[in-house]
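Visitor: Only the shape, not the letters, is given here:
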C-alpha cells in the first residue's frame, strides 16, 4: 500500500468528515488496480461509444448515466478520469457526483486493505476482481466494503471473511472480547417495487440528453398501471423525443402488451440543493427525477428536465425486506446473536416508506427478529441519491435492534431504534 493511500485509509478509519477532494487523484488509480486492465479498457471504450449516441458528459459525470445492467464502477471510473482531464485546464472544477461516488467506494476498499491487508493475498485479489467486474456481484462487494469500514470507524476489530471464496461467513466484528457475526444482503434495483428508481434515472437521463440536443426544457409525465421494464425505457424515450404527448392532452401509447400515457410540456424554474426534494414532491409523482444545471453563480440549479411516473401500484416492499431478514437469519442460525446488514441499491431517503404505515418499521422488524434468537439487529443503508449535491456517502445507516439489548454494552452507535 502506497503511503498516500495509507494516509487516506487512516483518515477514513476515524469518525468524522470524509476525505479531502485531492484524495480522488490517488483513489482512482488505486481502485483501478483491482481490475483487469484489458477488461477495464474494453468496458470504457464501449461506454464512451454508447454515450456518444445516448448520453451527455454532464449526465455521466453527475448521475452516472449508463445502460441498464452496466457496471456502475466503470461509469464512476470514467467520471473520475473525465474530472481529472478537466482539472488540467481548470483546477477549480470540483469533482462531480459520479467521481465522488467512486472515491467513497475506493476509500472503503483502502480501509479494508489497511486493516486486513494480510488477507488480501493473490487468491483473495483474484476473487475480489471477479466480483468487482461482475455487474450482478459488484453491489454485494460494495455492501461488504462499506459495512467493514463502518465498524472500523466505530473502533471495532473486524474480520472480512468475504475475501475467501465461498465462505459461509461474511464479517465478524469483535467488541470487548465478544464475536458478533454480520451477514450482508443486497436489495437489487427495484427490489419489492414495480418501478425501480434505477429505471427512472436511466429514462430521465435519456430524455434529458435528447432534449438538450434540440435545446428544449421539458416536464414529462408518464402514466402506467404496471412495471416499467428495461425494454420499455427505450420505447418511452423515443416516444418523448418524437414529440408524442406534446399536444393538449396525454397521448396513449402501446408497446407489446402494455399501454402508457405520455404528456410533455415546456418547463422553466430553479431549485437549490436544499429545495430539490420539495420541488420534486410538488409534482406528486409516484417516483420521479429532476435534472438541473448549475446557474452561473453556482448557488442554484436551472431545471432542465423533470420526468415523473404517475402510477398507483399496490407495492409490497416490506415483503422483500422480510425475505432478506429471513435469509440472513438462516445464515446466522446456530451461532451467537448477529447482525443482518441490508443494502438497497436504489436510493432510499426514508426506510419507513418501505412499510405500509408511517412509524411501523420498528414494529415490523422487531416482531420479525423476535422469532430468531440468533438475530440481534438489522442494519439498513442505501445508495446515495446523486441528485442531491450535498454528499455521496452511503445513505444514512439505520439500525433496528432486539430488546433487551443483545450485544455488549456500548457496542452500536447512535443510528439506532
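Guide: On my side now, so go ahead. The structure presented is a predicted model; accordingly, all values stated were derived computationally and were not measured.
Visitor: Spell out the residue ranges of the strands in the stretch 251-400 of the chain.
Guide: 251-255, 258-266, 270-271, 287-294, 301-310, 338-344, 375-382, 398-401 (DSSP state E, counting those that start in this stretch).
Visitor: Include distance to residue 50 and mean pLDDT when you put those strands into CSV, please.
Guide: C-beta coordinates here come from the backbone N, C-alpha and C atoms, glycine included. Shown next, in CSV, are these (distance: least, CB to CB, whole Å; pLDDT from 0 to 100):
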stretch, distance to residue 50, mean pLDDT
strand 251-255, 22, 93
strand 258-266, 24, 92
strand 270-271, 29, 84
strand 287-294, 19, 84
strand 301-310, 20, 89
strand 338-344, 26, 95
strand 375-382, 26, 94
strand 398-401, 36, 90
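Visitor: Tell me which of these sits nearest to residue 116.
Guide: Nearest of these to residue 116, taken as CB to CB: strand 338-344 at 17.0 Å.
Visitor: returning to that earlier point: looking at the strands of the stretch 251-400 of the chain, which is buried most?
Guide: strand 338-344 (a mean of 26; mean count of other CB atoms under 10 Å).
Visitor: name the helices or strands packed onto that strand?
Guide: Judged by 3 or more CB pairs under 8 Å, 6 or more residues apart in numbering; DSSP states H and E, strand 338-344 is in contact with helix 138-153, strand 178-187, helix 317-332, strand 375-382.
Visitor: which outside residues touch that strand?
Guide: Outside strand 338-344, the residues that touch it by CB atoms under 8 Å, 6 or more residues apart in numbering are 139, 142-143, 146-147, 171, 173, 180-187, 191, 321, 324-325, 328-329, 332, 374-383, 394-395.
Visitor: That one: partners in the sheet, and parallel or antiparallel?
Guide: Its sheet considered, strand 338-344 pairs with strand 178-187 (parallel), strand 375-382 (parallel) by DSSP bridges.
Visitor: how about the ones you listed, which one is nearest residue 265?
Guide: strand 375-382 (31.9 Å).
Visitor: follow-up on the earlier one: nearest to residue 358, of the helices and strands packed on strand 338-344?
Guide: Of these, nearest to residue 358 by CB to CB is helix 317-332, at 13.0 Å.
Visitor: What are the buried residues along the closest one?
Guide: Using 16 or more other CB atoms under 10 Å as the test for burial, helix 317-332 gives 317-318, 320-321, 324-325, 328-329, 331-332.
Visitor: for the worst-scoring helix or strand of the chain on mean pLDDT, packing partners?
Guide: Within the chain, no helix or strand scores below helix 276-281, which has a mean of 82 by mean pLDDT, DSSP states H and E. Packing partners of helix 276-281 (3+ CB pairs under 8 Å, 6+ apart): strand 287-294, strand 301-310.
Visitor: Need the residues that contact the shortest one.
Guide: Right, the one you point to is strand 287-294. 58-59, 63, 195, 197, 200-201, 204-205, 208, 270-271, 276, 279-280, 300-309, 387.
Visitor: Can I get the strands paired with strand 338-344 in a markdown table including distance to residue 5?
Guide: As requested, those are exported to a markdown table (distance: least, CB to CB, whole Å):
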| stretch | distance to residue 5 |
| --- | --- |
| strand 178-187 | 24 |
| strand 375-382 | 24 |
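Visitor: pLDDT score assigned to residue 315?
Guide: On pLDDT, residue 315 comes in at 64.
Visitor: Kindly state the pLDDT recorded for the spatially closest residue to residue 6 that is not a sequence neighbour?
Guide: Counting by CB to CB, 6 or more residues apart in numbering, residue 6 lies nearest to residue 114, which is 6.4 Å off, once chain neighbours are set aside. Predicted confidence (pLDDT) for residue 114: 96.
Visitor: Give me the buried positions along the helix or strand harbouring residue 52.
Guide: Element membership of residue 52 [criterion: DSSP states H and E] is helix 37-54. Of all the residues in helix 37-54, those buried under the rule 16+ other CB under 10 Å are 40, 43, 47, 51, 54.
Visitor: Pick the one among those residues closest to residue 164.
Guide: The closest of those, once distances to residue 164 are taken by CB to CB, is residue 40, at 24.5 Å.
Visitor: Please report how far the closest residue to that closest one other than its chain neighbours lies from residue 95.
Guide: Using CB to CB, 6+ apart and skipping residues adjacent in sequence, the residue nearest residue 40 is residue 32, 6.5 Å away. Going from residue 32 to residue 95 by CB to CB, to the nearest Å gives 16 Å.
Visitor: neighbour-wise, which of these two wins?
Guide: Higher neighbour count among residue 32 and residue 95: residue 95, with 23 against 16, using other CB atoms under 10 Å.
Visitor: Just to be sure, that one is in a strand?
Guide: No - checked against DSSP: H, G, I helix; E, B strand; the rest coil, residue 95 lies outside a strand; its state is coil.
Visitor: Show the model's pLDDT score for residue 275.
Guide: On pLDDT, residue 275 comes in at 82.
Visitor: For residue 29, give me phi and psi.
Guide: Dihedral pair for residue 29: phi -70, psi -30, per degrees, to the nearest 10.
Visitor: With residue 282 instead?
Guide: phi -60, psi -20.
Visitor: and it, how many residues sit next to it?
Guide: Using other CB under 10 Å, residue 282 has 10 neighbouring residues.
Visitor: just residue 198 next, same as before
Guide: 18.
Visitor: Nearest residue to it in space, please, no chain neighbours.
Guide: residue 189 (3.6 Å).
Visitor: Identify the residues contacting the one you found.
Guide: 196-199, 345-346.
Visitor: Spell out which residues make up each domain of this structure.
Guide: Under the assignment automatic domain parsing, the domains of the chain span 3-133, 146-191+315-401, 197-310.
Visitor: To residue 409, which of those lies closest?
Guide: Across these, residue 409 has its closest neighbour in domain 146-191+315-401 (7.8 Å, CB to CB).
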